[in-house]
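Chemist: Sequence first, then the predicted structure:
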Amino acid sequence: MKQTIWTTVISFGAIALLAVGGYWFIQREAAKGEEPRAVSASVQAPEVQQPERTLEFTDTPFSADMDEKKLQDHLHEMSHSKVYAADKWGQVRLITPANIAELQTIVEAGDFEEKDFYQSTLEAWQKGDFSNAVDVHNTIWSWHGGTIGKASRLMTEEEEQAYTRSNF
């Protein structure tokens, strides 16, 4: 009886040692493929959104007789440079005083269903206030049946600079 117990204990001990040794070996081999971390835990670089390669810069002129969907597309394209979204696709258009003024003229002259929305958006942007950009982006995104690329916040100054450098 004692011999059976000792045999069982030794067998389980050998199996346990093999399991621990195997686990250690696998972990050590897996660690060889990892590169050491260069950034310390106390100093983190700001997270910069990497632009999706599905974005394309555009500076095509606006058409004075554009329809409402096209106007929405242009505002949406302009908002891309101000908002953070996990995925962005489509076109990117600079928010410039000239683009804002041109769209304001088109909105004033046009008969658009959401004219008040466009006017308040462009008036704020003309004053340099882009705090509404997430709402503008997501409203138009929703109107167009968006399922991917909902904006979650405004980009930080560092993210905007990196975004502008890589897209313009």
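Modeler: Structure's in. What do you need? Just so it is clear, the structure is predicted and the values come from calculations on it, not from any experiment.
Chemist: I'd assumed residue 77 was in contact with residue 140.
Modeler: No: in this structure, residue 140 is not within contact of residue 77 by C-beta atoms under 8 Å, at 9.7 Å. Just so you know, the C-beta spots here come from the backbone N, C-alpha and C atoms, and that holds for glycine as well.
Chemist: Which SSE is immediately downstream of the lowest-mean-pLDDT helix or strand in the chain?
Modeler: The helix or strand of the chain with the poorest confidence is strand 55-57; it has a mean of 58 (mean pLDDT, DSSP states H and E). Following strand 55-57 in sequence order, the next helix or strand is helix 68-79 (DSSP states H and E).
Chemist: Quick one: residues in contact with that following helix.
Modeler: Identification of contacts with helix 68-79 by C-beta atoms under 8 Å, 6 or more residues apart in numbering yields 58, 62-63, 66, 90-95, 99, 103, 106-107, 110, 112-114, 118, 121, 125, 133, 136-137, 140-141, 143-144, 151.
Chemist: which of the residues in it are buried?
Modeler: Across helix 68-79, burial judged by 16 or more other C-beta atoms under 10 Å covers 68, 71-79.
Chemist: cool, and stretch 150-161?
Modeler: Neighbour-count burial for stretch 150-161 flags 151, 154-155, 159-160 (criterion: 16+ other C-beta under 10 Å).
Chemist: ok, residues contacting stretch 131-138?
Modeler: With C-beta under 8 Å, 6+ apart, stretch 131-138 has contacts from 75-76, 79-80, 82-83, 85, 120-121, 124, 146, 150-154.
Chemist: between the residues you listed, which is closest to residue 19?
Modeler: Lowest distance from residue 19 to these (C-beta to C-beta) belongs to residue 152, with 44.5 Å.
Chemist: Do a quick rundown of the strands in this structure.
Modeler: Secondary structure of the chain (DSSP state E): strands at 55-57, 83-85, 90-92, 151-154.
Chemist: mind checking which of those strands is nearest residue 4?
Modeler: With distances scored as C-beta to C-beta, the stretch of these nearest to residue 4 is strand 151-154 (64.6 Å).
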